[in-house]
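*Asks:* any chance you can model this:
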Amino acid sequence: MGRRKIKEEIICPQCNISYEGYKHRKFCSRKCKDTAQNGSGHWNWKGGKTEKQCTMCGHAFYGLRFAVMCSVECSIKNLAIANTREGNVNWKGGRIGGNGDYVHILFRNHPKANKAGYIMEHRLIMEKKIGRFLNKDDVVHHINKKKDDNRIENLVLLGKIEHDTFHFKERAEKASIRKMRCKICAILFSFSDTPNNSRRKFCSKKCYKRDDYLKNKEDYLRRAKEWKNNNLKTA
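*Replies:* Next comes the predicted model:
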């Protein structure tokens, strides 16, 4: 048999009347429960409909706390405006990017625009200056290395090879020069101390292959012997 439930003295939170009931009950009657859970008696009651002003047409109306428009027609009009570029809250005049990154401008009719209709601003400014469209091999270089600084005095037109050579020389000047003696031929050679060259030990590829052969000489001889035997059998 289960435990017998015992009635206790409970105070109704709605009418403050004391009554005998089981522990799980809160209200003395259905009327008190309905009053507490619906309308002004509910714990989350915010006052119901209040007088507001429509954000679309400006007319006064009665609505709930989250209502901002008076009718469906005003909501449809507002949605139509929001779907346009100028009506959208995220519209920035067709200019995106910046903050250290390349700036893009909306120019749908440009032949080099991307699928969204945007083109890099610094390339567009250079095209206006020289009076022609830029080719694939044309690179617009930022002199002060700030990608979002698109003043014409900060831009210079270079070819792709010329631009790559410029940055290669720049990186080579920053890298320190190290000297080392080759592990195989003992020749003293110098190289730039870049991450790619941090583990360099040989002066040339020939010395590197020679070192690899000496380390794995037995393996090379074994494979050569197997290859020779296989050729003799097939012959």
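*Asks:* what residues are up against the residue nearest the centre of the chain?
*Replies:* The centre of the chain sits closest to Gly97, judged by CA atoms, centre = their mean, with a distance of 12.2 Å. If you count contacts by CB atoms under 8 Å, 6 or more residues apart in numbering, Gly97 has them with 103-104, 121, 148. Using the backbone N, CA and C atoms, a C-beta is placed for each residue, glycine as well.
*Asks:* walk me through the domains of the chain.
*Replies:* Using automatic domain parsing, the domain ranges for the chain come out as 8-41, 50-82, 102-172, 179-235.
*Asks:* picking that back up, so which of the contacts of Gly97 are in strands?
*Replies:* 103-104 (DSSP state E).
*Asks:* can you list contacts of the helix ranked longest in the chain?
*Replies:* Of all the elements of type helix in the chain, the one with the most residues (DSSP state H) is helix 217-234. With CB under 8 Å, 6+ apart as the test, helix 217-234 has contacts from Tyr213.
*Asks:* okay, that helix in CSV with CA atoms only?
*Replies:* Extracted in CSV, the C-alpha atoms of helix 217-234 (Å, rounded to 0.1, in the frame of the first residue of the first chain):
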residue,chain,number,x,y,z
LYS,A,217,73.5,3.1,-48.5
GLU,A,218,72.6,-0.5,-47.5
ASP,A,219,69.0,-0.1,-48.5
TYR,A,220,69.9,1.4,-51.9
LEU,A,221,72.3,-1.5,-52.6
ARG,A,222,69.7,-4.1,-51.6
ARG,A,223,67.1,-2.6,-53.8
ALA,A,224,69.6,-2.3,-56.7
LYS,A,225,70.5,-6.0,-56.3
GLU,A,226,66.8,-7.1,-56.2
TRP,A,227,66.1,-5.1,-59.4
LYS,A,228,69.1,-6.7,-61.1
ASN,A,229,68.0,-10.2,-60.2
ASN,A,230,64.4,-9.6,-61.4
ASN,A,231,65.7,-8.3,-64.7
LEU,A,232,67.9,-11.4,-65.1
LYS,A,233,65.0,-13.8,-64.4
THR,A,234,62.7,-12.1,-66.9
